[in-house]
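Novice: Would you be able to build a 3D model of this:
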Amino acid sequence: MEKEERNSNYNLYVESKIPKTRAWPSLFKAFLLGGFICAIGQGFYDLYSYLFPNLAESELSTCMLMTIIFITCFLTGLGVYDVIGAWGGAGSVIPITGFSNSISSPAIEFKKEGIIYGICVKMFTIAGPVIVCGVVGSILCGFVGLFL
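Specialist: Below you'll find the predicted structure:
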């Protein structure tokens with residue numbers, strides 16, 4: 001009985017310390033930021049299609065994605081992307097920008113430990129499990145597709 005009461009008191013204490021978030025403003029900010037990032041990407045796509053009219057659609061997409069990845073890494077290095085992410089929340093985790101940020105942040109943070117043990121090893125601490133899960137999942141789906 002004493003253990004249950006202690007756990008209940010602890011849960012009440014934790015709930016009182018958890019910051020309260022307002023869902024609708026957070027959702028609205030995420031929607032705005034995600035849409036803004038997508039609009040920037042579309043703008044680069046349109047710019048590249050205007051500048052290089054002979055490029056295939058896949059090559060235009062690749063150029064646009066490389067630009068978005070570079071801008072995200074650059075803003076992460078300047079510390080600006082963290083501020084953007086704090087404001088927009090999940091809107092900043094649009095797959096390509098969020099993934100770029102999750103690779104570049106640890107690389108920047110651990111650069112003092114050297115190229116091999118700092119940058120190369122720590123670069124995939126956040127994104128590594130996602131990459132492994134994606135590769136293993138695609139292999140399993142490939143085997144399922146092969147045998148069905």
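Novice: can you tell me how far residue 82 sits from residue 105?
Specialist: Note on residue 82: its distance to residue 105, by CB to CB, to the nearest Å, is 8 Å. Backbone N, C-alpha and C define where each C-beta goes, glycine included.
Novice: So the two - more neighbours on which side?
Specialist: For residue 82 versus residue 105, the count of surrounding residues by other CB atoms under 10 Å is larger for residue 105: 20 against 14.
Novice: so what's the residue nearest in space to the middle of the chain closest to, chain neighbours aside?
Specialist: What sits nearest the mean C-alpha location of the chain, by CA atoms, centre = their mean, is residue 98, with 1.6 Å. Distances taken as CB to CB, 6 or more residues apart in numbering place residue 92 nearest to residue 98, at 6.5 Å, with adjacent residues excluded.
Novice: Now do the same contact list for the one you found.
Specialist: Taking CB atoms under 8 Å, 6 or more residues apart in numbering as the criterion, residue 92 is in contact with 33-34, 37, 81, 84-85, 98, 101.
Novice: ok, now with 6 Å
Specialist: Each residue near residue 92 by CB atoms under 6 Å, 6 or more residues apart in numbering is listed here: 33, 84-85.
Novice: gap between residue 113 and residue 107?
Specialist: Distance, residue 113 to residue 107, by CB to CB: 11 Å.
Novice: more neighbours, the two?
Specialist: residue 107 (19 against 13).
Novice: ok, that one - contacts?
Specialist: 119, 123.
Novice: at 10 Å instead, please
Specialist: 73, 76-77, 118-125 (CB atoms under 10 Å, 6 or more residues apart in numbering).
Novice: Need the residues touching each of residue 113 and residue 107.
Specialist: Joint contacts of residue 113 and residue 107 (CB under 10 Å, 6+ apart) are 119-122.
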